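J.: sequence plus predicted model, see below.
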Amino acid sequence: MGRMKEVYMEIMQANNGQVPEELTIADVARMKELEIYNWKEYEREQEKIRVFRVKQENPREVTKTAQTKEYWENQLTRAETQRIIKGKQ
């Protein structure tokens, strides 16, 4: 089996048989590198990396970045809840 096909199968398995709509080829390559195939876990890891880089470049911006991360995690949770509710209707 080809490498890309194996990665594709891993991603589908980790995400309940679906491929995330936001997924790009760059994300696939990075997921393979990190060996993280679940989309939510991958996004969290990317956010941690981004916060780490911001912290290194400008320590005063960490508070704003942390607040932004919390906001987007809440938005993600709300979107998932709405998607579940729409699916039940």
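T.: All right, it came through fine.

J.: can you give me the helices for the chain?
T.: Per DSSP state H, the chain carries helices over the ranges 3-14, 25-34, 39-57, 62-88.

J.: and the last one, what's its mean pLDDT?
T.: Here helix 62-88 scores 71 as its mean pLDDT.

J.: then the shortest one?
T.: Taken as a whole, helix 25-34 carries a mean pLDDT of 91.

J.: quick check: buried residues in it?
T.: The neighbour-count check on helix 25-34 (16 or more other CB atoms under 10 Å) flags 27, 28, 31, 32 as buried. All C-beta atoms are positioned from the backbone trio N, CA, C, and that covers glycine.

J.: nearest to residue 38 among the residues you listed?
T.: residue 31 (8.9 Å; CB to CB).

J.: for the residue most central in space within the chain, which non-adjacent residue is closest in space?
T.: What sits nearest the mean C-alpha location of the chain, by CA atoms, centre = their mean, is residue 43, with 2.1 Å. Spatially, and ignoring its direct neighbours in sequence, residue 43 is nearest to residue 76 (7.8 Å; CB to CB, 6 or more residues apart in numbering).

J.: burial check on that neighbour, number of neighbours?
T.: Here the number of neighbours of residue 76 (other CB atoms under 10 Å) works out to 13.

J.: please shift the residue numbers so they start at 24 in all later answers.
T.: Sure, I'll start numbering at 24, so the last one becomes residue 99.

J.: so how far is residue 45 from it?
T.: Distance, residue 99 to residue 45, using CB to CB, to the nearest Å: 11 Å.

J.: ok, residue 107 - contacts?
T.: By CB atoms under 8 Å, 6 or more residues apart in numbering, residue 107 lies in contact with nothing.

J.: mean confidence score for stretch 26-45?
T.: 90.
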